[in-house]
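[1] Attaching a predicted model along with its sequence, questions to come.
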Amino acid sequence: MKKIIALLLAVAMVMGLGVMTAAADDVTELTLKVWAPQEDQANADSWLQQMEAKFEEAHPEYKITWINEVCGEDKAKDEVSKDPAAAADVYMFANDQLGDLLACQGIARLGGSYLEQVQNDNGAAMIDSVTGTDGNVYGFPMAANTWFCYYNKDVYTEEDVKSLETMLEKGVVAFPTMNSWYLGAFFFANGATVFGPSGNDAAAGVVFGEDNGVASLNAVLDMVSNPNYRTDDAGLGKSGLMSGEVAAYFSGSWDYDNLKEALGDKLGACQLPTVMINGEAKSLKSFAGSKAVGVNPNSKNMKASMQFAAFLASAEGQLLRYQVRSAIPVATSLAEDPTIASDIVAVAILDTIANTSILQPTLPEMGNWWTPIETLGRNIVSGEVTAANGADSLAKTLDVINNGGL
């Protein structure tokens, strides 16, 4: 009997070891390289590290070695295009780089449940921001990328900041006229298009409309000639609002912490105001896009890479990122979150995207926009561009843009 018991115990041990071995065999060891901004991975408790730990908990089938490297969202295309095969498995990028990432075959198309996540979690503008000219989706939107209006509530009411003319009448307004990301707002207000109505037709070029473009330019000249206008250059708008020398200026979420510390409850934020063009009030319109998570099609661990990218951009991931580093989420389910709904910057961004913006094109040809429009702005501020020569100046600017930036 003792021998039988011993034999049974031995068999049980072998079977137990077999179960343990099978369980161990089910675990896949892999390495994932992740590129993210410094702010997302500054220390062990940063957002990226927390998300990696949460992902491991949710996926016990993986034993992951993480390689985290710093790459800003604005640098993704530069780094990926150097050698797509050696680039990160998962990386973050500004959506205006999508055309370049596609050109170097450095970003994977989404399908199945991943495509459904993007379509179900986001509004139309954010979905469009990661959609290629072929109609396919290539990234998971995670944060909004646009600009809006900051103002001093001791100077302006919520009604005042609906009109640029009212703002200039009641206080000093700084506008980055020499910055080509901002100056286009006056032209977009009056029907200008950049590579077609949807921003994905390179052959359409940039069209301001001869009369509409001149009318928009005259609105810029009217603003610049106002005694309460200041050119926002080298941080003048931000420092001026903090010191009280400026009552309003235009920027993004990155300025909020310093402004809140300086102004406290006096700080306001809102979507863009209207501007008078040919006697009609029309809304300024900013470029808007997203900051998204992309997956390298050359990844050796594509399934895990897709799963992790989707996990980073999930509503849970976006909410944690907001809590950790105040990054404004874009998941529609989070719009009603009490904390986000009471955040003046979140509300200003979401209102701007919904009401006073156009989608920033992702085509590589968009690179031809920046320098000519910046030059136009600088010439406006210097007085070189006037109402008398405005039409010619605008025509020359568009000619440069539409002929390859030459």
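    Good, I have the coordinates. Just so we're clear, the structure is a prediction, and the values are computed from it rather than from any experiment. Numbers count the residues shown, from 1 in each chain.

[2] Spell out, range by range, the strands that occur in the stretch 51-200 of the chain.
    62-70, 90-94, 140-145, 148-152, 173-175, 193-194 (DSSP state E, counting those that start in this stretch).

[3] so what strands line up beside the fourth one?
    This points to strand 148-152. Looking at strand 148-152 with DSSP bridges, its partner strands are strand 248-251 (antiparallel), strand 267-270 (antiparallel).

[4] swap in the longest one?
    Using DSSP bridges, the strands paired with strand 62-70 are strand 28-36 (parallel).

[5] chain center to the partner strand: distance?
    24 Å (CA atoms, centre = their mean, to the nearest Å).

[6] Looking at the strands paired with strand 148-152, which is nearest to residue 175?
    strand 248-251 (6.0 Å; CB to CB). Every residue, glycine included, has its C-beta placed from N, CA and C.

[7] continuing past the closest one, what's the next helix or strand?
    Downstream of strand 248-251, the next assigned helix or strand under DSSP states H and E is helix 256-263.

[8] Which strands and helices lie in contact with that next one?
    With contacts defined as 3 or more CB pairs under 8 Å, 6 or more residues apart in numbering; DSSP states H and E, helix 256-263 has these neighbours: helix 236-243, strand 267-270.

[9] Residues contacting the last one, please?
    Contacts made with strand 267-270 from outside it, assessed by CB atoms under 8 Å, 6 or more residues apart in numbering, are listed as 148-153, 156, 158, 161, 256, 259-260, 344-345, 347-348, 351.

[10] picking that back up, can I get the strands paired with strand 148-152 in JSON lines including mean neighbour count?
    Below are those laid out as JSON lines (neighbours: other CB atoms under 10 Å):
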{"stretch": "strand 248-251", "mean neighbour count": "24"}
{"stretch": "strand 267-270", "mean neighbour count": "22"}
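
[11] Which stretch among those approaches residue 379 most closely?
    strand 248-251 (20.2 Å).

[12] quick revisit: figure out which of the strands of the stretch 51-200 of the chain is closest to residue 318.
    Using CB to CB, those put strand 140-145 closest to residue 318, at 5.9 Å.

[13] Can you give me the buried ones in the closest one?
    Buried positions in strand 140-145, judged by neighbour count with 16 or more other CB atoms under 10 Å: 140-145.

[14] And these, which is closest to residue 50?
    Out of the buried residues of strand 140-145, the member with the shortest distance to residue 50 (by CB to CB) is residue 142, at 14.9 Å.

[15] got a list of what the closest one touches?
    Residues near residue 142 by CB under 8 Å, 6+ apart: 92, 290-293, 312-313, 317-318, 321, 327, 329-330.

[16] Filter those residues down to the buried ones.
    92, 290-293, 312-313, 317-318, 321, 327, 329-330.

[17] Narrow those residues to those in helices?
    312, 317-318, 321 (DSSP state H).

[18] Throw those into a markdown table and include pLDDT and distance to residue 194, thanks.
    As requested, these are exported to a markdown table (pLDDT from 0 to 100; distance: CB to CB, whole Å):
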| residue | pLDDT | distance to residue 194 |
| --- | --- | --- |
| 312 | 98 | 30 |
| 317 | 98 | 31 |
| 318 | 97 | 28 |
| 321 | 96 | 30 |
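
[19] Redo those residues as CSV? Include distance to residue 404.
    Output for these, formatted as CSV (distance: CB to CB, whole Å):
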residue, distance to residue 404
312, 36
317, 40
318, 38
321, 38
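
[20] any idea how far residue 142 is from residue 26?
    31 Å (CB to CB, to the nearest Å).

[21] where does the stretch 251-400 of the chain dip in pLDDT?
    Applying pLDDT under 70 to the stretch 251-400 of the chain picks out no residues at all.
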